[in-house]
Each structure stands twice: as C-alpha cells, then as structure tokens.
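S.K.: 3D, please:
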Amino acid sequence: MKKIILIIFISLFFMGCTKEEKLQENIEPNQNSNYNETNNNSENTNSNENNNIPNDSTNTEDSNTIPTNTENDKTTSNNNEIIYSSNDKTVISTIEAIDKEVDDFLEEPETESVKDKAKGIFITLVDFLFYDGEIKGITFNELTENGKAKVLQLVNAIDEKIEKHFPGYKDTISSKTKNAFAKASEVIKKGANNVKDFTKEALGEEYYQDIINAKDDFVYYTKNALDIVGDISSSLFNSLKDKLSSWYEDFKNS
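M.R.: Next up is the predicted model:
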C-alpha cells in the first residue's frame with residue numbers, strides 16, 4: 001500500500017514539473033515580444049523626433065537671405081530721381097505747354113496757316129537753343145544738365161510731330177536756311193539722345209550764320225505762332241548780326 005502511495009506521489013511530482021516548464025516556455029516568448037515592441041516603439045519615437053529636427057541647410061539658407069528693406073528701396077528710388085532746378089522747371093513747363101498746343105493744332109485741317117504756325121514754333125525754339133533766346137528771362141545755358149536734356153527731348157518730340165504731319169516743313173522756311181535748319185534738327189536729336197552731344201558749335205559756323213542772315217524771313221512765321229510761343233523772347237531778332245557773329249567767334253574759340 002505504501003508503495004502505491006509513493007508511486008502516485010512521484011508521478012504527481014513529475015507531472016507538476018512538466019507543467020511548470022511548459023508554463024515558463026509560454027511566458028518567455030511573451031516577455032521577449034513585449035521587449036521587442038518596447039524597442040520598436042522607442043525606435044519609432046526617436047525617428048519621429050529626428051524628423052522634427054529643423055533642417056540645418058534650411059536654416060542656413062534663411063540666415064543668408066537678405067530681407068527686403070523698404071527704407072533702402074525708398075532711398076534707391078530717391079537717388080535715381082531726376083532733380084531739376086527752379087529754372088529747369090520754369091522752362092520745362094513752358095515747353096511742355098507748347099508741346100500740348102502743337103498736339104491740339106495738328107488736329108486741325110491741314111492748312112497753310114497751320115503749317116506756317118508750325119514753322120514759327122520751330123524757329124522760336126531754335127532761337128532759344130542756339131541764339132540765347134529767353135523763356136521768362138532764362139536762357140538754355142542757365143539750365144542744369146538734367147534740365148537741358150529734358151528740354152532737348154521735348155523740342156525734338158515737337159519737331160518730329162510736325163515733320164510727321166508736314167513732311168519737309170523746315171525746307172520751305174527760307175531758301176537760305178534749308179540746310180541750316182536740317183542741321184539744327186539733327187543736332188537737337190543727338191542732344192535728346194545724349195545731352196553731351198549738343199553744342200551750339202555743332203551747328204557749324206556756316207549754318208549758324210545762315211540763320212542769322214535770314215532772320216528777316218522768319219518774322220511772318222513767328223508772328224503766326226505768337227499765341228503759342230509768346231513766353232519766349234527772341235535774341236535772334238533783337239540782336240545785330242555782327243553781335244551774334246562776334247558771339248559765335250568767341251564761343252568757337254573758347
């Protein structure tokens with residue numbers, strides 16, 4: 001009887017050990033699995049954190065970018081602004097008014113009266129540019145370089161408008177001045193493109209004198225344009241030929 005009980009006890013003991021070993025085997029994989037999951041979660045967390053780190057190259061690029069400075073832009077704009085003297089503004093506004101008048105009367109029917117007025121305007125402007133005519137007491141030589149450049153551009157524009165409307169209009173002002181006025185127009189155009197290219201001397205002594213000699217032929221035309229160019233006082237008509245010729249000699253030799 002004792003043997004039977006001993007055998008049963010030993011059997012139960014071994015059965016318990018076997019169950020405990022199996023239970024341990026089942027637990028260890030789960031523990032390893034939890035460990036792996038923990039490691040994976042840690043790696044994912046680190047990866048996400050790395051993705052949120054600012055890109056150094058982006059920061060470098062941003063730091064090298066020069067921000068727009070409104071004040072600097074204003075300064076640049078102001079520095080590029082063309083400055084005119086009070087004399088410049090007076091003369092420019094007068095010639096701009098003449099330019100507007102030219103636009104208006106060129107819309108009228110093409111009559112000889114309109115053409116004669118156009119001739120008178122060009123003669124008067126040549127007087128101002130080459131012969132020391134005055135606009136409200138101001139001569140062309142008393143303008144700044146900026147003022148001269150603007151005036152030459154305006155006079156050139158006026159000449160081109162009239163020439164387009166009345167081709168060859170300057171040729172019929174006087175038989176003595178056909179080439180002289182053509183040359184004057186050429187010098188004005190060059191000065192409009194580059195003010196340094198404009199000089200009275202560029203007209204040439206012969207053409208300069210031709211216009212002086214023909215001044216009596218201009219009276220009819222300038223009277224027709226008086227309502228437009230009344231603010232320009234003539235030096236060409238009010239000076240003696242010898243005085244103008246002497247002035248040109250002094251200018252040429254200076």
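S.K.: residue contacts, T222?
M.R.: Applying C-beta atoms under 8 Å, 6 or more residues apart in numbering to T222 gives the contacts G120, I123, T124, V229, S234, F237. Backbone N, C-alpha and C define where each C-beta goes, glycine included.
S.K.: excluding chain neighbours, what is closest to it?
M.R.: In space, and not counting its chain neighbours, T222 is closest to G120: 4.5 Å by C-beta to C-beta, 6 or more residues apart in numbering.
S.K.: against which helices or strands is the strand or helix carrying the one you found packed?
M.R.: Here G120 sits within helix 112-130, counting by DSSP states H and E. Applying 3 or more C-beta pairs under 8 Å, 6 or more residues apart in numbering; DSSP states H and E, we find helix 112-130 packed against helix 86-105, helix 145-165, helix 178-193, helix 205-213, helix 219-224, helix 226-229, strand 232-233.
S.K.: how about the third one: buried residues?
M.R.: By neighbour count, and taking 16 or more other C-beta atoms under 10 Å as the criterion, the buried residues in helix 178-193 are K178, A180, F181, K183, A184, S185, V187, I188, K189, K190, G191, A192.
S.K.: what is the rounded mean pLDDT of stretch 179-197?
M.R.: The average of the pLDDT scores along stretch 179-197 is 96.
S.K.: so K223 sits against K119, correct?
M.R.: No: using C-beta atoms under 8 Å, K223 is not in contact with K119, being 11.2 Å away.
S.K.: looking at those two, which is more packed in?
M.R.: K119 (23 against 12; other C-beta atoms under 10 Å).
S.K.: just the pLDDT at S33, thanks.
M.R.: pLDDT, S33: 45.
S.K.: meant to ask about E107
M.R.: Reading off the model, E107 has pLDDT 90.
S.K.: what of the one 10 residues further on?
M.R.: The per-residue pLDDT reported for K117 equals 94.
S.K.: could you report the neighbour count for it?
M.R.: When neighbours are counted by other C-beta under 10 Å, K117 registers 25.
S.K.: isn't it right up against F105?
M.R.: Yes: shown here, K117 and F105 form a contact pair, counting by C-beta under 8 Å, at 6.3 Å.
S.K.: mutual contacts of these two, please.
M.R.: Contacts common to K117 and F105, judged by C-beta under 8 Å, 6+ apart, are I228.
S.K.: how near is the closest residue to A225 other than its chain neighbours to A149?
M.R.: Setting aside the residues directly before and after it, A225 is nearest to G120 in space (C-beta to C-beta, 6+ apart), at 3.0 Å. In this view, G120 and A149 are 25 Å apart by C-beta to C-beta, to the nearest Å.
S.K.: higher neighbour count, those two?
M.R.: With neighbours defined as other C-beta under 10 Å, G120 and A149 compare such that G120 has more, 23 against 20.
S.K.: would you format the buried residues of helix 178-193 as CSV with distance to G137 included?
M.R.: Below are the buried residues of helix 178-193 laid out as CSV (distance: C-beta to C-beta, whole Å):
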residue, distance to G137
K178, 32
A180, 27
F181, 26
K183, 28
A184, 23
S185, 26
V187, 25
I188, 22
K189, 27
K190, 28
G191, 23
A192, 24
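S.K.: just the closest of those residues to V219, please.
M.R.: F181 (15.9 Å; C-beta to C-beta).
S.K.: and the residue found closest to that closest one once you drop the neighbours it is linked to in the chain, what's its pLDDT?
M.R.: Counting by C-beta to C-beta, 6+ apart, the nearest residue to F181 once its immediate chain neighbours are dropped is K170, at 4.2 Å. Per-residue pLDDT puts K170 at 96.
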